[in-house]
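[1] prediction below, plus the sequence it came from.
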Amino acid sequence: MSYERPNIRDMQGYAFGEQPAQQRVIKLNTNENPYPATAAVANALAGLSVEQLRRYPQPFANGFRDVAAASHGLSRDNIIATNGGDELLRLAITTFVDVGQTLGMAEPSYSLYPVLAAIQGCQVCRIPLLDDWAMPDDFAEQLNRAGARLAFVVNPHAPTGTLLPVSRLREIARTFRGVLVIDEAYVDFIDPDQAYDAVPLVREFDNVLLLRTMSKGYSLAGLRFAYGIGATELLAPMLYKTRDSYNTDAFSQVLAAAALAAKDEAATGWAKVRSERLRVAERLRELGFDVLPSQSNFLLATVPHGVSQSRDELARTLYLGLKDQGILIRYFDQPRLGDKLRITVGTVEENDTLLSALKQLLKSR
């Protein structure tokens, strides 16, 4: 006998990227940072004591919120700390979208969005990106026509790595009548010459919620810590009503604060990723791949034309061939992405191994 709610019974869960137990794997499938967390984090970790675990943590992570507020030139009330970015996504949905109401998103996008919507019993308005992966000019208008109460825009976009300028986000925020969640999970890898900074939007609009995570840029994916930035009145119901009690643990609060305070140290790793991103993209193009320009820590590459296989078949063949050699990348068996591979930018050595393996696999096809 099933005790599930009907919407839970009928939905599909989130499909996780492979997380192998063995260490001898080149893991370029889940967009983790290839470099370790900073010395500031290591020092903070060394200063923690088991005695601290006896008591509950600061319920609002105020120490971290103060560091984040100072980093962005805001007040503590403009910051909410969460157990990873996914908790903030869930909070936004449960706080602002009622059962049966609609939330909006671009298609394709982060595959957890519709999963969280299904859990809440929401409808999803999926707005296809254009053939060049650009956002439709009438994105906000389509959301309004669908009656969307909330919309997700991941920027830089996943899985393409493309970037919407702040001016475009401003237009969407001004036009859209619901809450606009700008998921900036990969913001730290944007080229500085883009001069990208969406934080001023939270001062201009009371419907903008920015998501920042410590998982990617700060090499703390295993910590599960993120934060939201928004107007005080937007964050208040999540902070004081819908958020879990003690939602972030004592150790993660300390380590996340140490990481964010040492932003300049972490930025050296971001520069390495950007440099490798350019090099790997060029090498992939030399192998016949069509690679989208990326402002993230990954590349979306369309495989070369096959001789005896379709592009979709070749993409799967390459994915499996790399996996057999202990190299993990991401393959999406879904519309518009079946002929593509998403490759996380790794270290120089990891990237060279990947490129060499791809070259040999393409020769043998």
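    Nice, I can see it.

[2] measure residue 134 to residue 6 for me?
    Separation of residue 134 from residue 6 (Cβ to Cβ, to the nearest Å): 37 Å. No exception for glycine: its C-beta is placed from N, CA and C like everyone else's.

[3] who's more crowded, these two?
    Set side by side, residue 134 and residue 6 show more neighbours around residue 134, with 14 against 9, by other Cβ atoms under 10 Å.

[4] helix/strand/coil for the more buried one?
    coil (DSSP: H, G, I helix; E, B strand; the rest coil).

[5] pull the contacting residues for it.
    Residue 134 sits next to residue 162 when contact means Cβ atoms under 8 Å, 6 or more residues apart in numbering.

[6] next, it: phi, psi?
    The phi/psi pair for residue 134 (degrees, to the nearest 10) reads phi -80, psi 160.

[7] quick one: pLDDT of it?
    With respect to pLDDT, residue 134 scores 95.

[8] what do you get for residue 307?
    Residue 307 is assigned 65 on the pLDDT scale.

[9] give the contact list for residue 26.
    326, 327, 328, 346, 350, 353, 354 are the contacts of residue 26 under Cβ under 8 Å, 6+ apart.

[10] got it, and residue 224?
    With contact taken as Cβ under 8 Å, 6+ apart, residue 224 is in contact with 83, 84, 215, 252.

[11] just the element for residue 227, please.
    Residue 227 is part of strand 226-230 when elements are defined by DSSP states H and E.

[12] and the contacts of residue 224 as a markdown table, adding secondary structure and pLDDT?
    Formatted as a markdown table, the contacts of residue 224 follow (DSSP: H, G, I helix; E, B strand; the rest coil; pLDDT from 0 to 100):
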| residue | secondary structure | pLDDT |
| --- | --- | --- |
| 83 | coil | 98 |
| 84 | coil | 98 |
| 215 | coil | 98 |
| 252 | helix | 98 |
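
[13] at the geometric centre of the chain, which residue sits there?
    With distances taken as Cα atoms, centre = their mean, the chain has residue 185 as the residue nearest its mean C-alpha position (3.8 Å).

[14] I'd like the next helix or strand past the biggest helix by length in the chain.
    In terms of residue count, the longest helix belonging to the chain (DSSP state H) is helix 263-286. Sequence order places strand 290-291 as the next helix or strand after helix 263-286, per DSSP H and E.

[15] so where do the helices sit in the stretch 51-200 of the chain?
    Secondary structure of the stretch 51-200 of the chain (DSSP state H, counting those that start in this stretch): helices located at 62-72, 85-96, 112-120, 139-145, 166-175, 200-204.

[16] closest one to residue 13 among those helices?
    Evaluated with Cβ to Cβ, those place helix 112-120 nearest to residue 13, the distance being 6.5 Å.

[17] give me the helices and strands touching the strand holding residue 227, please.
    For strand 226-230, the packing partners by 3 or more Cβ pairs under 8 Å, 6 or more residues apart in numbering; DSSP states H and E come out as helix 62-72, strand 79-82, helix 85-96, strand 208-213.

[18] according to the record, where do the domains of the chain fall?
    Listed domain ranges for the chain are 18-36+265-363, 39-261 (source: automatic domain parsing).

[19] can you list the low-confidence ranges for the stretch 101-250 of the chain?
    Applying pLDDT under 70 to the stretch 101-250 of the chain flags no residue at all.

[20] name the strands paired with the strand holding residue 227 and say parallel or antiparallel.
    strand 79-82 (antiparallel), strand 208-213 (antiparallel) (DSSP bridges).
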